[in-house]
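> just coords:
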Ligand SMILES: Nc1nc2c(ncn2[C@@H]2O[C@H](COP(=O)(O)OP(=O)(O)OP(=O)(O)O)[C@@H](O)[C@H]2O)c(=O)[nH]1
């Protein structure tokens, strides 16, 4: 992966194809595409919507439009063209030839992002699979091209074809190997989950649409101090960090890849896999960009995917994991709109208006999360052998210890502890004990 280098100057082109339905209007799509490009370090030199009345099989755009794109590339010194739509392999190749520049389409762009963000082993494998699948389809173009050059009609056996066949075989073999690895990862995942049940700290997962402000919030909440626990994750996963919360003392915050409209179908599995961590979370924080006119549509899409992961049942439905909505970018709104949002959120346990940028409301959000994590906490009595020091230490670290005294009776020295624990923590302690 990594076909596009950071800092590359790009022209972002959003084809508005007549009769093609999208979740967002062309302007919003163009904005989203620029955001995606920025997210992987591409410099957007210029961005434009190109209305396409009739798709040209060879180039997607009409000849005059391609010429305009070429002129814009020169003008803005763009070395790359990002087409925010699907290009057939032939279209991509022809555009690259005419424009004498690298051209990537929406699938290619999103693959780059997923490649950068995939955090789990399964996520990485899924993204690589999707990428190989994409590459494999791109090989066809050369084959077609060669065939056309010779003026042949499917006559096989030329030297070019042999090379391409060899490439395809290599890709197929690699894909088969990845699928096996994936199977293995899935088998062991269940096991990991079980162990995660006994993970030392509760997990808070940040989810949200791309550009909603997850990373900004993540950095604000976790950026102040690097905690020792972070070292556990640093090499494994840069999107997980420890934070301090009064009720549970410590929690792990996990950032996830952003949701994207009109996700190309071949990328759906890869995207789901990058969200795998969410299913093990104790609380989900759904970060929403309330300054975005498409905020409501975005929320519906996020809930739909969480629903498919088995975490929510329909809009506004019951969720198996508590969800808090962080209504973000409050600072971008005019006072009457801010007021309207505050009123709408008032008295609702599940909504906290914030600005990840200025920090407004962030403490309230943390307090809400803390409360959810400690909800249902009960006082438990434990009588443990003094030799079970690890367990005693665990209870001190994770629960609120109300009493820790020497216990009467028994053979050796024992301790009696009264500890307030959440049901989840109690479960963790029990699995620790096994
Ligand atoms: N004004 C304002 N801008 C914000 C706020 N939160 C985030 N942003 C900006 O919004 C843009 C996107 O923020 P990110 O934190 O990268 O968003 P994200 O949800 O992590 O995006 P993906 O990584 O694409 O999923 C950045 O330019 C941020 O500076 C906020 O509260 N107010």
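Alright, I've got the coordinates. Everything numeric here is computed off the predicted structure, so don't read it as measured data. Numbers count the residues shown, from 1 in each chain.

> drop to CA atoms for contacts and neighbour counts, all remaining ones
Noted.

> what about the residue nearest to the spatial centre of the chain, distance to the ligand?
Nearest residue to the geometric centre of the chain (CA atoms, centre = their mean): residue 257, 1.3 Å. Distance from residue 257 to the ligand, counting by CA to the nearest ligand atom, to the nearest Å: 5 Å.

> Where does that residue sit: helix, strand or coil?
Secondary structure assignment for residue 257 (DSSP: H, G, I helix; E, B strand; the rest coil): coil.

> contacting residues for it?
By CA atoms under 8 Å, 6 or more residues apart in numbering, residue 257 lies in contact with 114, 117, 118, 207, 210, 271, 274, 275.

> So which of those residues wins on neighbours?
Neighbour tally across those (other CA atoms under 10 Å): the maximum, 27 neighbours, falls on residue 207.

> secondary structure element for it?
strand 203-208 (DSSP states H and E).

> average pLDDT for that strand?
Strand 203-208 carries an average pLDDT of 89.

> follow-up on the earlier one: for the contacts of residue 257, which one is nearest the ligand?
Comparing these against the ligand with CA to the nearest ligand atom places residue 210 closest, at 3.6 Å.

> Name the residues of the stretch 151-300 of the chain found near the ligand, please.
210, 211, 212, 213, 214, 215, 216, 257, 258 (CA under 6 Å from any ligand atom).

> Model confidence score at the residue nearest to the centre of the chain, please.
On pLDDT, residue 257 comes in at 76.

> Quick check: it vs residue 287, distance?
From residue 257 across to residue 287, the span is 12 Å (CA to CA, to the nearest Å).

> Now list whatever residues contact both of the two.
residue 207.

> For residue 261, grab phi and psi.
phi -70, psi 160 (degrees, to the nearest 10).

> Can you give me the neighbour number for the closest residue to it other than its chain neighbours?
Sequence neighbours aside, residue 23 is the residue nearest to residue 261 in space, at 6.6 Å (criterion: CA to CA, 6 or more residues apart in numbering). Residues near residue 23, counting by other CA under 10 Å, number 13.

> do residue 281 as well
Using other CA under 10 Å, residue 281 has 19 neighbouring residues.

> so what's residue 81 up against?
10, 11, 12, 13, 73, 101, 102, 103, 104.

> rewinding a little: and the residue nearest to residue 261, that's in a helix?
No. Counting by three-state DSSP, residue 23 is located in no helix; its state is coil.

> For residue 213, see how far away it is.
Taking CA to CA, one finds residue 23 at 21 Å from residue 213.

> same thing with residue 120?
Distance from residue 120 to residue 213, by CA to CA: 22 Å.

> out of the two, which sits in the busier spot?
residue 213 (23 against 17).

> hang on, that one packs against residue 287?
Yes. Here residue 213 reaches residue 287: they are 6.8 Å apart, a contact under CA atoms under 8 Å.

> Residues in contact with both of the two, list them for me.
What both residue 213 and residue 287 touch, as defined by CA under 8 Å, 6+ apart, is the set residue 328.

> where does residue 244 land in three-state SS?
Relying on three-state DSSP, one would call residue 244 strand.

> Quick check: pLDDT value at the closest residue to it other than its chain neighbours.
Excluding the flanking residues, the one nearest residue 244 by CA to CA, 6+ apart is residue 250, at 4.5 Å. On pLDDT, residue 250 comes in at 76.

> and residue 250, what element?
strand 249-255.

> Within the sheet, what are the partner strands of that strand, with directions?
Strands that pair with strand 249-255, judged by DSSP bridges, come out as strand 203-208 (parallel), strand 240-245 (antiparallel).

> so which of the ones you listed is the most packed in?
Among the strands paired with strand 249-255, ranked by average contacts under mean count of other CA atoms under 10 Å, first place goes to strand 203-208 (a mean of 26).

> what's the offset of it from the middle of its chain?
Relative to its chain's centre, strand 203-208 lies at 10 Å (CA atoms, centre = their mean, to the nearest Å).

> Have a look at the protein and report the helix or strand with the lowest mean pLDDT.
Using mean pLDDT, DSSP states H and E, helix 230-234 stands out as the lowest-scoring helix or strand of the chain, at a mean of 51.

> Domains of this structure: list them as residue ranges, please.
9-115, 120-195, 199-374, 378-433 (automatic domain parsing).

> Which one of those domains has the poorest average confidence?
Among these, domain 120-195 scores lowest, at a mean of 70.

> Where does residue 135 sit, in terms of helix or strand?
helix 121-150.

> next one: phi and psi at the nearest residue to residue 357 once chain neighbours are set aside?
Nearest in space to residue 357, with sequence neighbours left out and distances taken as CA to CA, 6+ apart, is residue 216 at 6.8 Å. Backbone geometry at residue 216, expressed as degrees, to the nearest 10, gives phi -60, psi -40.
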